[in-house]
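Engineer: Fold the following, please.
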Amino acid sequence: MDKDYIVRATAANKQIRAFAITSRNLVEEARKHHNTSPVATAALGRLLSGAAMMGVMMKGDNDKLTLMMKGDGPINGVTVTADSKGNVKGYVGNPLVLIPPNYAGKLDVGAAIGYGTLTVIKDMGMKEPYSSQVPLGTSEVAEDLTYYFATSEQIPSAVALGVLMNKDNTVKQAGGFILQVMPNTDKEIVEMLEKKMEEVTSVTDLFEQGMTPEDILKYVMGDIDVEILDTIDTQFKCDCSKEKISKSLASLQTEELENIINDGESIEVKCHFCNSAYNFDVDELKEILDKAK
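Structural biologist: Numbers count the residues shown, from 1 in each chain. Purely as a prediction, here's the structure:
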């Protein structure tokens with residue numbers, strides 16, 4: 001099983017910065033955790049792949065990035081978070097969503113998400129996290145991230161993301177790339193890139209041809225020199241624990257906790273991000289309530 005990783009690169013004498021990811025295992029891992037339908041796997045997989053690359057753009061060890069696509073479609077929102085080390089996790093509101101394919105016979109991620117907003121939150125240890133919201137254009141994920149970079153960060157970017165499913169609904173290929181044009185880049189370079197991008201039909205096709213993230217960057221850059229800077233392992237990893245879940249239970253209203261305790265039953269709390277279940281018996285709940293008071 002090939003491992004998932006992100007490549008960081010520059011091109012055209014540092015006028016372009018580039019990232020590419022192969023993420024089949026982490027998307028499959030997310031699918032297993034959430035038992036997602038094919039279109040939900042594609043939506044979640046694209047956003048996870050995009051977030052993993054955006055995560056490693058951050059500098060600080062403890063920096064966190066959250067991407068939320070909230071639309072009026074039946075998937076009921078997609079949320080993912082990533083850190084600067086290539087770890088990513090996420091979930092969709094309705095993992096079992098089923099809708100017909102789009103006009104091209106592909107999984108209709110846009111219709112599943114619907115019209116709404118993309119929110120990007122970067123927590124870089126400042127007093128307030130940086131937060132930006134843009135309207136969803138196509139809701140196909142890659143185009144929406146492209147629009148976010150252009151409007152909120154003023155960085156002209158090309159984003160491509162894809163998830164290809166097997167007949168048995170497991171993940172066959174997943175990954176993508178982000179190319180960003182730095183200020184004052186030569187006009188010819190930009191034109192060459194734009195022309196080449198028009199030739200790229202689907203990123204999963206390139207993976208199907210056996211290309212690695214390095215190959216894909218060299219392919220999409222055409223005649224432009226690419227310098228690979230480093231590779232970063234990436235994975236689906238949730239940092240939930242019973243301790244963290246008890247902290248969120250402690251933040252409930254006292255009355256709410258008392259009602260749960262008075263029911264006299266143990267409760268099961270599931271982590272949104274990875275679906276792990278944590279059980280709390282009445283004594284544990286009483287202990288949480290005592291601490292919270």
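Engineer: who's in contact with residue 197?
Structural biologist: 158, 179, 220 (C-beta atoms under 8 Å, 6 or more residues apart in numbering). For every residue, glycine as well, the C-beta is placed using N, CA and C.
Engineer: From these, which land in strands?
Structural biologist: In strands, defined here by DSSP state E, the members of those are 158, 179.
Engineer: Who are the contact partners of the residue lying closest to residue 234 once chain neighbours are set aside?
Structural biologist: Excluding the flanking residues, the one nearest residue 234 by C-beta to C-beta, 6 or more residues apart in numbering is residue 86, at 3.8 Å. For residue 86, the contact set (C-beta under 8 Å, 6+ apart) comprises 5, 6, 52, 55, 56, 232, 233, 234, 235.
Engineer: Return the distance of the fifth one relative to residue 233.
Structural biologist: If you measure residue 56 against residue 233 using C-beta to C-beta, to the nearest Å, the figure is 10 Å.
Engineer: out of those two, which sits in the busier spot?
Structural biologist: Counted by other C-beta atoms under 10 Å, residue 56 and residue 233 do not tie: residue 56 has more neighbours, with 23 against 11.
Engineer: For residue 234, what are phi and psi?
Structural biologist: phi -130, psi 150 (degrees, to the nearest 10).
Engineer: measure it to residue 20 for me?
Structural biologist: Distance of residue 234 to residue 20, given as C-beta to C-beta: 11 Å.
Engineer: what are the ranges of the helices in the stretch 51-200 of the chain?
Structural biologist: 109-113, 142-152, 187-199 (DSSP state H, counting those that start in this stretch).
Engineer: ok, and what's touching stretch 147-160?
Structural biologist: By C-beta under 8 Å, 6+ apart, stretch 147-160 touches 50, 118, 120, 132, 134, 137, 142-143, 145-146, 176-182, 190, 193, 197, 200, 203, 220.
Engineer: Apply the buried test to these and list what passes.
Structural biologist: With neighbours counted by 16 or more other C-beta atoms under 10 Å, the contacts of stretch 147-160 contain buried members at 50, 118, 120, 134, 142-143, 145-146, 176-181, 193, 203, 220.
Engineer: can you tell me the helix or strand for the residue nearest the centre of the chain?
Structural biologist: Geometric centre of the chain, nearest residue: residue 48, 2.2 Å, by C-alpha atoms, centre = their mean. Secondary structure from DSSP states H and E places residue 48 in helix 38-55.
Engineer: same question for stretch 229-244, mean pLDDT?
Structural biologist: For stretch 229-244, the mean per-residue pLDDT is 94.
Engineer: Sorry, wrong one. I was asking about stretch 24-41.
Structural biologist: Per-residue scores along stretch 24-41 average to 97.
Engineer: Figure out how far that stretch is from the centre of its chain.
Structural biologist: On the basis of C-alpha atoms, centre = their mean, to the nearest Å, stretch 24-41 is displaced by 12 Å from the centre of the chain it belongs to.
Engineer: Also stretch 114-130?
Structural biologist: From the chain centre to the centre of stretch 114-130 is a distance of 13 Å (C-alpha atoms, centre = their mean).
Engineer: Count the neighbours of residue 284 for me.
Structural biologist: 16.
Engineer: what's the answer for residue 88, then?
Structural biologist: Number of residues near residue 88 (other C-beta under 10 Å) recorded here: 33.
Engineer: cool, residue 121 as well?
Structural biologist: There are 15 residues near residue 121, going by other C-beta under 10 Å.
Engineer: Excluding covalently adjacent residues, which one is nearest to residue 20?
Structural biologist: residue 213 (3.6 Å).
Engineer: That neighbour and residue 177 touch, don't they?
Structural biologist: Yes. Here residue 213 lies in contact with residue 177, judged by C-beta atoms under 8 Å, at a distance of 7.3 Å.
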